[in-house]
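Peer 1: Below: sequence and its predicted model.
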Amino acid sequence: MARIVSGNDGQEADLTDGDQIKDSCEELGVPFNCRKGICGTCLIEVEDGMENLEEKNDREVDMGLSGNQRLACQCRIKSGIVKIKY
Ligand code: FES
């Protein structure tokens, strides 16, 4: 089981191990636009559980994100809990 927790307001969304996190993040209020890793609208900060996400993909690396930043439209969760802020 995997879970995304919003550091903004404490809301939670459960998902399946290995899922993309975008739908859960949208449910929690993260804004989206292109959904292709281009615009940066879905930028999130991972407050806890970065190790529970798959490695940054090429689009995230190309955007030059700092250590705890991710693009919610590009991430997959391995399992466990990831706390985000946006
Ligand atoms: S929605 Fe555009 S980069 Fe994620």
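Peer 2: Received, thanks. Residues are numbered from 1 along each chain as shown.
Peer 1: any idea how far the nearest residue to Asn52 once chain neighbours are set aside is from the ligand?
Peer 2: Nearest non-adjacent residue to Asn52, counting by C-beta to C-beta, 6 or more residues apart in numbering: Gly80, 4.0 Å away. C-beta here means a position set from N, CA and C on the backbone, and glycine is covered the same way. Distance, Gly80 to the ligand, using C-beta to the nearest ligand atom, to the nearest Å: 22 Å.
Peer 1: show me the contacts for Leu28.
Peer 2: 4, 6, 8, 11-13, 84 (C-beta atoms under 8 Å, 6 or more residues apart in numbering).
Peer 1: residue at max distance from the center of the protein?
Peer 2: Note on the chain: the largest C-alpha distance from the chain mean falls to Asp62, namely 16.6 Å (C-alpha atoms, centre = their mean).
Peer 1: residue contacts, that one?
Peer 2: Going by C-beta under 8 Å, 6+ apart, Asp62 touches no other residue.
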